[in-house]
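*Asks:* Show me how the following folds:
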Amino acid sequence: MHQANTSPSDAPSSAAAPAAVRVLTVDDSASMRALLRSALASRGFQVEQCEDGQEALEWLAENEVDVIITDINMPRLDGFGLIEKLRGSTLHADRPILVLTTESSDEKKRRARNAGATGWIVKPFDAEKLTTALRRVTH
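*Replies:* Coordinates of the predicted model:
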């Protein structure tokens, strides 16, 4: 793994995200949350985490992030519902939302895009590709 060290005053690096980029990951799997935290934190992202869409909505009512990564299949409020609710909110209408899921059907991708998802990544994820996608939607 290649990783460059940058300070906030440096120009954006192709290998590390600026420390200021704050990411919320939403996934009901503790092991997936741990993988995401490890992969993203080691690349300079500030990582916040929630277990499902309902918890994410409650957390986002009081907190700000630069980008949201959500799973689709979760209890209480799934990823589709989370995206729809966020897109209906004035606070989060323009926030980049990436879907990270095991789902890969065209119908589900279309449904997520119609709900307002910014992008779609299929699990298992490649940390470098995820970092590239995050950088693309936050700059």
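
*Asks:* Need the per-residue pLDDT for Ser13.
*Replies:* Looking at Ser13, its pLDDT is 40.

*Asks:* Contact partners for Thr102?
*Replies:* Counting by C-beta atoms under 8 Å, 6 or more residues apart in numbering, Thr102 touches 73, 122-123. In short, each C-beta sits where N, CA and C put it, glycine included.

*Asks:* Strands - which of the residues you listed land there?
*Replies:* Secondary structure from DSSP state E places Val122 of the contacts of Thr102 in strands.

*Asks:* roughly how far is stretch 84-104 from the heart of the chain?
*Replies:* A distance of 9 Å separates the centroid of the chain from that of stretch 84-104, by C-alpha atoms, centre = their mean, to the nearest Å.

*Asks:* Export stretch 93-104 to CSV, keeping only CA atoms.
*Replies:* Extracted C-alpha coordinates of stretch 93-104, given in CSV (Å, rounded to 0.1, in the frame of the first residue of the first chain):
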residue,chain,number,x,y,z
ALA,A,93,-29.7,17.5,-0.3
ASP,A,94,-26.3,18.0,-2.0
ARG,A,95,-24.1,15.8,0.2
PRO,A,96,-22.3,13.1,-1.8
ILE,A,97,-23.7,9.6,-0.9
LEU,A,98,-21.9,6.5,-2.1
VAL,A,99,-23.6,3.1,-1.8
LEU,A,100,-21.3,0.3,-0.7
THR,A,101,-23.1,-3.1,-0.9
THR,A,102,-23.1,-6.7,-2.0
GLU,A,103,-26.0,-5.9,-4.2
SER,A,104,-25.1,-5.6,-7.9
